[in-house]
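A.B. asks: Sequence plus the predicted model coming up.
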Amino acid sequence: MADWQALGYEDGAQGRGLDYMGKRRESCAKYAIQLNASAYRGGRDEGLVLFCTELRGFSEGRAGENYNGVCPADLEGLFLRGYETGRDLFTAQSAVQELEAAIHDRELEREHLLDDMTEIGALLVADEATREERVTLLADITRLKLRHSELGHEIEDLRFELGQRHMEYQDLVARSPYPR
């Protein structure tokens with residue numbers, strides 16, 4: 001026999017929506033276990049008191065979790081205050097990480113371009129290369145050098161933006177009333 005109040009409490013403490021009761025119903029129906037909706041809802045309401053706190057809201061937002069509007073009106077304000085602060089930190093940190101990844105990708109591309117230019121340079125000076133092939137190879141090197149230079153400028157711009165985003169993130173961390 002299922003302890004529906006305990007299951008409801010567990011789901012409430014995890015911030016699960018009331019629709020999760022349907023999943024519980026389906027799972028138990030396979031074993032001919034009847035849902036006690038009243039006990040489940042009562043337990044879930046008790047569990048939501050544990051979930052719907054300001055600090056838990058911060059934690060959920062900081063982790064990038066979505067809020068599904070499960071908190072009762074009397075608890076939702078505090079939960080959302082924490083959630084929005086945490087979500088702002090998550091968004092700011094994500095922006096920093098995305099810029100770091102973009103810089104890394106462009107730096108790798110520049111390295112590959114240098115490798116390609118070295119290979120083409122070796123073909124260019126090879127005795128077997130015809131005049132037409134050398135013209136094509138020189139054009140390829142020119143194109144690769146141009147892209148290498150463009151990437152350098154992009155990296156400079158991204159590093160500048162990264163500095164700004166990092167300062168914004170640090171400012172949010174410093175102003176946050178919540179523990180990291």
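C.D. replies: Nice, I can see it. Numbers count the residues shown, from 1 in each chain.

A.B. asks: List the buried residues in stretch 166-179.
C.D. replies: 166, 169, 172, 176, 178 (16 or more other CB atoms under 10 Å). (Glycine included, C-beta is placed from N, CA and C.)

A.B. asks: list the contacts for residue 50?
C.D. replies: 12, 13, 56 (CB atoms under 8 Å, 6 or more residues apart in numbering).

A.B. asks: Helix or strand, whichever it is, which one in the chain has the lowest mean pLDDT?
C.D. replies: helix 20-29 (a mean of 84; mean pLDDT, DSSP states H and E).

A.B. asks: Just name the closest of the buried residues of stretch 166-179 to residue 87, please.
C.D. replies: Using CB to CB, residue 172 is the member of those that lies nearest residue 87, at 10.6 Å.

A.B. asks: can you pull the contacts of the spatially most central residue of the chain?
C.D. replies: Nearest to the mean C-alpha position of the chain, counting by CA atoms, centre = their mean, stands residue 94 at 5.9 Å. For residue 94, the contact set (CB under 8 Å, 6+ apart) comprises residue 64.

A.B. asks: Low-confidence ranges, the chain, go.
C.D. replies: 1-2 (pLDDT under 70).

A.B. asks: Flag every buried residue along the least confident helix or strand of the chain.
C.D. replies: 20, 21, 24, 28.

A.B. asks: Redo those residues as a markdown table? Include distance to residue 121.
C.D. replies: A markdown table is the format used below for those (distance: CB to CB, whole Å):
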| residue | distance to residue 121 |
| --- | --- |
| 20 | 63 |
| 21 | 69 |
| 24 | 67 |
| 28 | 71 |
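
A.B. asks: chain center to the helix or strand where residue 121 lies, what's the gap?
C.D. replies: Assessed by DSSP states H and E, residue 121 sits inside helix 73-125. Mean-position distance between helix 73-125 and its chain equals 10 Å (CA atoms, centre = their mean, to the nearest Å).

A.B. asks: tell me what whichever helix or strand comes after it is packed against?
C.D. replies: Using DSSP H and E, the next helix or strand after helix 73-125 towards the C-terminus is helix 131-175. For helix 131-175, the packing partners by 3 or more CB pairs under 8 Å, 6 or more residues apart in numbering; DSSP states H and E come out as helix 73-125.

A.B. asks: Now do the helix it packs on against helix 131-175, angle only.
C.D. replies: 160 degrees (axes from the mean of the first three to the mean of the last three CA atoms, to 10 degrees).

A.B. asks: Thank you, goodbye.
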